[in-house]
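Undergrad: Have a look at this prediction, sequence included:
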Amino acid sequence: MRSGEELDGFEGEASSTSMISGASSPYQPTTEPVSQRRGLAGLRCDPDYLRGAFGCLKVAQVMLALIAFICIETIMECSPCEGLYFFEFVSCSAFVVTGVLLIMFSLNLHMRIPQINWNLTDLVNTGLSTFFFFIASIVLAALNHKTGAEIAAVIFGFLATAAHAVSAFLAAQKWRVSLRQQSASDYIRARTESRDVDSRPEIQRLDT
């Protein structure tokens, strides 16, 4: 029968062996970085979207809103200033919101949030931007003092209005197509479930 000292020696050797084997294991230190690399791998630019109609229009909207905002910011004096402030707010808001949507769509980040109807979100954004850009450009054109910055801001404001209007029209068509596809899929699912119920007589007996 082994003594207590011998058992303690065996336990110490076993614990040191397990520590060495755990430290030299090729799986333990690379488990967490692998999951992190997979998460970062999804953040890739989608060139097909940027080359498409929606991507080109989004880039044009962001650039036109930014240029209009820069033009309106170079104006140092105004009287009255309400039209200028309104145009400044509209151009800045359109630049920020459309820029965020451009990043979401170009990096496919919207695929990670399927709870949001992104087609409807894009339609609402482009529709509101079209309306407010048009109103702000008309007000600024009526109240401007014929300076170069004001004239440039009005021109780029109307160009941004046109870009948002075209995008709103395409977004409306895309939203209608998605609604039709969803209704068709719901109809097919309902027909499939009804056929499954009809093919199972035991379910019908339980219902009766």
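TA: Looks like it arrived, so ask away.
Undergrad: The longest helix anywhere in the chain packs against which elements?
TA: Ranked by number of residues, the top helix in the chain under DSSP state H is helix 148-198. In terms of contacts (3 or more Cβ pairs under 8 Å, 6 or more residues apart in numbering; DSSP states H and E), helix 148-198 is packed against helix 53-73, helix 82-106, helix 118-143, helix 201-207. To be clear about C-beta, it is placed using only N, CA and C from the backbone, and glycine gets the same treatment.
Undergrad: mean pLDDT for these: which is lowest?
TA: Mean pLDDT per stretch puts helix 201-207 lowest among the helices and strands packed on helix 148-198, at a mean of 54.
Undergrad: still on that earlier bit, per-residue confidence averaged over the longest helix of the chain?
TA: Confidence for helix 148-198, expressed as mean pLDDT, is 82.
Undergrad: where does S79 land on pLDDT?
TA: Per the predicted model, pLDDT is 78 at S79.
Undergrad: On the three-state scheme, it is what?
TA: coil (DSSP: H, G, I helix; E, B strand; the rest coil).
Undergrad: can you tell me how far it sits from L170?
TA: 40 Å (Cβ to Cβ, to the nearest Å).
Undergrad: With neighbour numbers in mind, choose between the two.
TA: Counted by other Cβ atoms under 10 Å, S79 and L170 do not tie: L170 has more neighbours, with 16 against 7.
Undergrad: Tell me who's in contact with that one.
TA: Contacts for L170 (Cβ atoms under 8 Å, 6 or more residues apart in numbering) come out as A53, F54, L57.
Undergrad: got a winner among those residues for most neighbours?
TA: L57 leads these on contacts (other Cβ under 10 Å) with 20 neighbours.
Undergrad: isn't it right next to S167, touching?
TA: Yes: assessed by Cβ atoms under 8 Å, L57 is found in contact with S167 at 4.4 Å.
Undergrad: one step back: of all the contacts of L170, which comes closest to F132?
TA: Ranked by distance to F132 (Cβ to Cβ), the contacts of L170 are led by L57 at 17.3 Å.
Undergrad: what about that closest one, distance to A141?
TA: In this view, L57 and A141 are 24 Å apart by Cβ to Cβ.
Undergrad: and if you look at I188?
TA: Taken as Cβ to Cβ, the span from I188 to A141 is 52 Å.
Undergrad: Look at those two and report which has more neighbours.
TA: Applying other Cβ under 10 Å to I188 and A141 shows that A141 carries more neighbours, namely 17 against 10.
Undergrad: separation between the more buried one and V59?
TA: Applying Cβ to Cβ, the value for A141 to V59 is 26 Å.
Undergrad: One more: F87?
TA: The value you get for F87 to V59, if Cβ to Cβ is used, is 22 Å.
Undergrad: Show me which residues of stretch 96-110 are buried.
TA: By neighbour count with 16 or more other Cβ atoms under 10 Å, stretch 96-110 contains the buried residues V97, T98, G99, L101, L102, M104, F105, S106, L107, H110.
Undergrad: That'll do, ta.
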